[in-house]
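Engineer: next comes the sequence, and after it the predicted model I'd like to discuss.
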Amino acid sequence: MKTKLTPERNPVVSSHVASAPAALITRMRRWRVTISNTTKLRRLGIISLCMVLGLVLLEAGAAAWGRPEGSLWTVGTPIVWYMQGPGCGGEDSIWVNGSARSNQQPEESEPPRFEPISPAVGKKLAEGGFNLMFCRNVGDLDSAHAQGLRGMLYVHEGKPPWRNVFHTSALDDPEWLAKLDALIESVKDHPAMYAYTIYDEPSATEFPALGRMVAYVRKRDPKHLVYINLFPTYASAVALGTAGDTVTAYREYLRQFVDVVKPDLISYDHYHFHATTDGGGYFLNLALIREAALNGDVPFLNVVQACSNGPGHRTPNGDEGRFLASHTSDQDAQLPRRAQSCLR
């Protein structure tokens, strides 16, 4: 089995929205991760390119991979996701009277950090080569479906401390849970529905409660992914909620996540290219994630850097993008012979 990057028309990542740099997008449109095998497909990877863009290489699951009890979600078609794009945050994602607010946009004194979701934005995402977008409600899912996109549901409560509506304190609030039940019921059978985004970069101390929330959502909708994104290796042991040196603390963080939360997949982000230097832990992070995926028999998703996220990071050039994608793919190629896909 050989994994290679080939310049083909089908894009891995592209964008015509927000601040994604056009030169990088032009280069990245020519990349496509392909897997060669003379007999049949044995593995499928998905990379998730995010910083501002979302591409994916998921280590594939097998027909008998370690699917958590009660889950019917499987790996599918590779996703191309603008992870820090329209709908990632801001006033347009808030929870109003127990449901996600309408598409009416608030007045802004200055341009928002994240472009608000709208049918026009959905159209631009589709034209840019994406197949997944953030959604707040059934109306957004309808807009996504009209463009052949899938929806990553993200809604927050709209007031300090700006929690995701699937925050773990909700498990002890019957009235809040009733609203969540209604939200899940409204979206679970929508043809554009892809996943529920419930937490970004939790501490291990939050894993027991997150495991309860994952089980709660999964019981009501076993077909869709309950998505949690983890810290990278450069997070401190204090942030991780574990102890020890980098390897010890991070390995324990991943072990607890798999054992306690029982996720459908392991997702993490690692932004390697600093403004004037390169980071030193990209391969270590990838290797530890791969190890945890093998030990837990679950797929993994690598969120890699696609552009600058501020003065501390630079925009990767074409070769740097290939570096990130190919090494993730190389790690996937060493994994067991499994083949399913990500977008269902």
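Structural biologist: Good, I have the coordinates. Numbers count the residues shown, from 1 in each chain.

Engineer: list the buried residues of stretch 289-299.
Structural biologist: Buried residues in stretch 289-299, defined by neighbour count with 16 or more other CB atoms under 10 Å: 289-290, 292-293, 296, 298-299. For glycine as for every other residue, the C-beta is placed from the backbone atoms N, C-alpha and C.

Engineer: okay, now the unreliable bits of this structure?
Structural biologist: Residues of the chain meeting the criterion pLDDT under 70: 1-66, 89-113, 332-344.

Engineer: how does it look with 80?
Structural biologist: Low-confidence segments of the chain (pLDDT under 80): 1-66, 76-79, 84-85, 88-116, 157-162, 304, 307, 309, 328-344.

Engineer: which one's the longest strand in it?
Structural biologist: Using DSSP state E to define each element, the chain has its longest strand at strand 193-200.

Engineer: who are the packing partners of the next helix or strand after it?
Structural biologist: For strand 193-200, the succeeding helix or strand toward the C-terminus, using DSSP states H and E, is helix 207-220. Here helix 207-220 touches helix 174-187, strand 193-200, strand 225-230, going by 3 or more CB pairs under 8 Å, 6 or more residues apart in numbering; DSSP states H and E.

Engineer: now the ones you listed in JSON lines, with mean neighbour count and distance to P316?
Structural biologist: Output for the helices and strands packed on helix 207-220, formatted as JSON lines (neighbours: other CB atoms under 10 Å; distance: least, CB to CB, whole Å):
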{"stretch": "helix 174-187", "mean neighbour count": "15", "distance to P316": "34"}
{"stretch": "strand 193-200", "mean neighbour count": "23", "distance to P316": "21"}
{"stretch": "strand 225-230", "mean neighbour count": "24", "distance to P316": "20"}
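
Engineer: just the strands in the chain please.
Structural biologist: 2-7, 31-36, 47-49, 76-77, 95-96, 99-100, 132-135, 150-153, 193-200, 225-230, 266-270, 300-304, 341-342.

Engineer: sorry, back to before: nearest to G312, of the buried residues of stretch 289-299?
Structural biologist: The closest of these to G312 turns out to be I289 (CB to CB; 22.7 Å).

Engineer: I figured that closest one hits Y268, correct?
Structural biologist: Yes: contact criterion CB atoms under 8 Å: I289 and Y268 qualify, at 5.9 Å.

Engineer: give me the common contacts of the two.
Structural biologist: Shared between the contact lists of I289 and Y268 (criterion: CB atoms under 8 Å, 6 or more residues apart in numbering) are residues 300, 302.

Engineer: R220 is in contact with D181, correct?
Structural biologist: Yes: if you go by CB under 8 Å, D181 and R220 touch, sitting 6.6 Å apart.

Engineer: returning to that earlier point: dump the buried residues of stretch 289-299 to CSV, plus distance to R67.
Structural biologist: Shown next, in CSV, are the buried residues of stretch 289-299 (distance: CB to CB, whole Å):
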residue, distance to R67
I289, 19
R290, 19
A292, 16
A293, 13
G296, 11
V298, 8
P299, 10
